[in-house]
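1. sequence first, then the predicted structure:
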Amino acid sequence: MIIKKHIESNKNTGYYFPMFNLKGFRSSITPFFGGDVKTDLHHYATEPTSELGLFEHTQSRNVIFDIDHNLYFLNGQTQLQQNDSIDYEVGPLYQKVNRHNKLHDISTTSFVLLNEMAEVHEIVYTNKTKKDQHIKVTTATPMYARSVDNLHDHRHVTSLLNTIDVLNGAIKVKPTLSFDERGHQVNDTTYYFIASSDDMHIKGYIPTQEDYLNQGSFHFPKGLDKLKEQGYHIDGYEAMGGIAFDGIIIKPNESVTFYMAIAIQKEDMDINQFRKTYLSTSGFHKALDEVIAFFETYLSQLKFEIDTDETSKQLNWVSLQPLLRRYYGNSFMPHHDYGKGGRGWRDLWQDLLALIMMNDDSVYELLYSNFQGVRIDGSNATIIGDQPGEFKADRNQITRVWSDHGVWPLITTKLYIDETGDVDFLLKEQSYFSDQFTHYTRQIKKINEQNILIDENNKIYKGSILEHLLIENLVGFHNIGKHGFTRLEDADWNDGLDMAHENGETIAFTHMYAENLSILAHLLKSTNLKSINLLDDIEVLLTKNANLQTYFDRVSQFKGNKVSFNINYLFERLMKLSEDKKKFINDNAYEENKYQSYYDKNGELLDDKTSIALTGQAMALIAHTPTQEQAQKIAFHTKEKLFDTSVGGYHLNTNYQKVLTNMGRAFGFAYNHKENGAVFAHMAMMYAYGLYEYNLVDEARQATFQLLKQAQKEDSQVLAGIPEYFSDKGHGKYSYLTGSASWLLLLLRKQIFGLEFNLGKLTLNPKLTKEDFINQSASIVTNIFGKTVKITYHNPKNLDYGQYKIKDIFINDKEVHMPITKINGSIEVHLDEIV
């Protein structure tokens, strides 16, 4: 069944929607046809759009309808259209807008082709009056055709690079050069605007914005009659997607249909073939059906029936969000205008959490290739390119260290191994990233051209995945400040904590490194080996007071010698380090029913008796640092301080009432916005996950579903899924591209539906409350042992969590017992009361 979101409103609330394909074509589009079209940072077909661009439409996709000498716009931005009604629908992954008034309906369907680098639109105009209408249609989409860098840097100069040709049904723009941060390069990309209709004939073309405007404006253009013919060529002007059709008479209740497309190509297009294939009724709808089927198939691999029908549909969109971030990174959306493409290190690993749950056949290769981004000093590349194994130091060529980065690869790898039983993955060898930076990026060395670590024999050095994980986590564990907690460096998970480099410490992620050493210890045991060959320098990191400078000095002059380590010895050392650190945290960072989260630039604690940060509580629970009694006290205190039903749940922190320049830029933001105390979905989901870990189910459910319900409210301005955060007004911000989606999906699957995997064996331990069931059942469709499987829990007695137990489990009507190691059909789980 197609998932849809349908809204009837003529208000512009800032909705936008992603449309993309897996070949690298990316769009954002609004009900008013704003947004933009691009393939990457340097190749925008239309002008890049930021938040306010959602309300400014002079550079949007547009069509002008001259109806009996009155002008109407596709984007609705004329005085005559301010009272139009709009029916707005989005599905996987298309947009449909029906704009109507007393005179006409204008219905527009838009999507990105699955296998072509183009966005296409079908526009159907219908005469709703009882009189004939004389109509002239002219497409009016300004073409940008260059890098985002040129928006306010050499904007006019780069227009002088344009070569513009009028083709049969198309306007072709190919700049001679590209001016951007890469320097001056010969341009290899061509931009096309294409139009076609079986109902109207093309009369002429308006290929430049100068001719289109003709001393008028984008709202009142005066050049609609300045038409050029096919074969026209001009250089050095801003391009315009202006294609005019002959005027026609439309009788009452009759319609006229036409098509337009925006394409970005590396090679010349066969325009006639493209129009024939896609810009006709049959071709357009065949391609649309293919797009819908592709994304429906993808989404069918992770679905939920829980709480209400509305929540279940909402979660379908959430399942899409990790795929969106995989292809958009943290860029190319109106709110995500700070990014320059590529994904961050943390994003890479957390998005894989969801892909592992969805039978995505690229998971193994992605997981393996990602380890190429680890440096031998325990740091890592921070920007990942579009191709597996493509890494950079940073998007702005400024290398920084995020103190949490070493944590995430193990969390993802552990999930993969538990789900598949593929313990041998840990022993697979991979190379290391190597650029000019050493000593946790504090020193530099001579760079090798390949950015791959070379040993003393000038050969590519490879270490096991286990070795990569040990180095990352042991360095992060020992990289401590004067109070004994992990140094904050340039920030942790909260990128806004970026002004405490000198003395900042992250107690929050000290929990995580301590827990990770315990996880690594048990993974080592699971290999059933007696010994393992590892880099000899790791020995330096296995002592309580390891000297990181010694380790950094040794690996900066890399030799690449390996020695055999006894597994029992490694296990004991790692467990001792982990246990001692957790005791240290409890002795030195727990008070007043909460954990401290940070030390600032001055070496002072961030929080006093009146304040609290959610991150420290979430990471403590996930890392299993507190006792059950402590966890209950933390849950009560945190809710009292941070929970607010009116804006979606848990604030990220209390209001510190001042700009904390000794902590980070986050506290320059207004309180209740973004990283300064907003209801930040990512950390709220991680906190809820931690509550579920301690079986604090009522509190955990409230944290989870309060956020989901907030996103369902019309006045939250969330079109689909869940946003990055909610503002002080409860408005969702930064839609689609958020790590909270992966954590919500993991929470639902592992905690609420209770799918617990351990080295390829499945047990069921549901934490469903009676509110989670719809008509006494709740279900999940997910990937288990390489197969897409539906698990349904039946609760005929409407029992709450704590009142029920699993009575029996059936697969294809055959009773099975846990742990489950093989599945050949749907699973039916029957619950009954605890006697």
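-> Nice, thanks for sending it over.

2. burial count for L22?
-> L22: 11 surrounding residues under other Cβ atoms under 10 Å. Backbone N, C-alpha and C define where each C-beta goes, glycine included.

3. residues contacting it?
-> With Cβ atoms under 8 Å, 6 or more residues apart in numbering as the criterion, the residues that contact L22 are Y327.

4. pull the distance from stretch 248-257 to the chain's centre.
-> With Cα atoms, centre = their mean, to the nearest Å as the basis, the distance from the averaged C-alpha position of stretch 248-257 to the chain average is 43 Å.

5. and for stretch 691-699?
-> 27 Å.

6. and that stretch, end to end?
-> When the termini of stretch 691-699 are compared using Cα to Cα, to the nearest Å, they are 7 Å apart.

7. which residues does that stretch contact?
-> 621-622, 624, 626, 628, 631-632, 635, 639, 700, 703, 747, 751-752, 767, 769, 801-802.

8. and the buried ones among these, selectable in PyMOL?
-> Listed next is the PyMOL selection for buried residues among the contacts of stretch 691-699, using 16 or more other Cβ atoms under 10 Å:
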select buried, resi 621+622+624+626+631+632+635+700+703+747+751+752+767+769+801
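
9. okay, now the unreliable bits of the stretch 1-150 of the chain?
-> Along the stretch 1-150 of the chain, the parts satisfying pLDDT under 70 run over 1-2.

10. again with the chain
-> Counting by pLDDT under 70, the low-confidence segments of the chain come to 1-2, 180-182, 339, 342, 383-398, 448-449.

11. per the annotation, how does it divide into domains?
-> Here the domain assignment for the chain is 5-299, 313-342+739-835, 626-736, based on automatic domain parsing.

12. go through those domains and pick out the most buried.
-> domain 626-736 (a mean of 21; mean count of other Cβ atoms under 10 Å).

13. circling back to that earlier point, adding distance to L541, write the domains of the chain out as a markdown table.
-> As requested, the domains of the chain are arranged in a markdown table below (distance: least, Cβ to Cβ, whole Å):
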| stretch | distance to L541 |
| --- | --- |
| domain 5-299 | 38 |
| domain 313-342+739-835 | 26 |
| domain 626-736 | 27 |
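
14. all the helices of the stretch 351-500 of the chain, in order from the start?
-> The residue ranges that make up the helices of the stretch 351-500 of the chain, judged by DSSP state H, counting those that start in this stretch, are 363-370, 408-420, 465-478.

15. determine the angle, from 0 to 180 degrees, between the last one and helix 363-370.
-> Note on geometry: by axes from the mean of the first three to the mean of the last three Cα atoms, to 10 degrees, helix 465-478 and helix 363-370 are set 60 degrees apart in direction.

16. hey, which helix is longest across this structure?
-> Longest helix in the chain, counting residues (DSSP state H): helix 567-589.

17. just the buried positions in that one, please.
-> Residues of helix 567-589 classed as buried by neighbour count (16+ other Cβ under 10 Å): I567, L570, F571, R573, L574, L577, S578, K581, K582, I585, A589.

18. not counting the helix or strand following that helix itself, show me its contacts.
-> The element immediately downstream of helix 567-589 (helix or strand, assigned by DSSP states H and E) is strand 590-591. By Cβ under 8 Å, 6+ apart, the list of residues contacting strand 590-591 from outside reads Q596, P626, Q630.

19. direction included, what does strand 590-591 pair against?
-> Using DSSP bridges, the neighbouring strands of strand 590-591 in the sheet come out as strand 594-595 (antiparallel).
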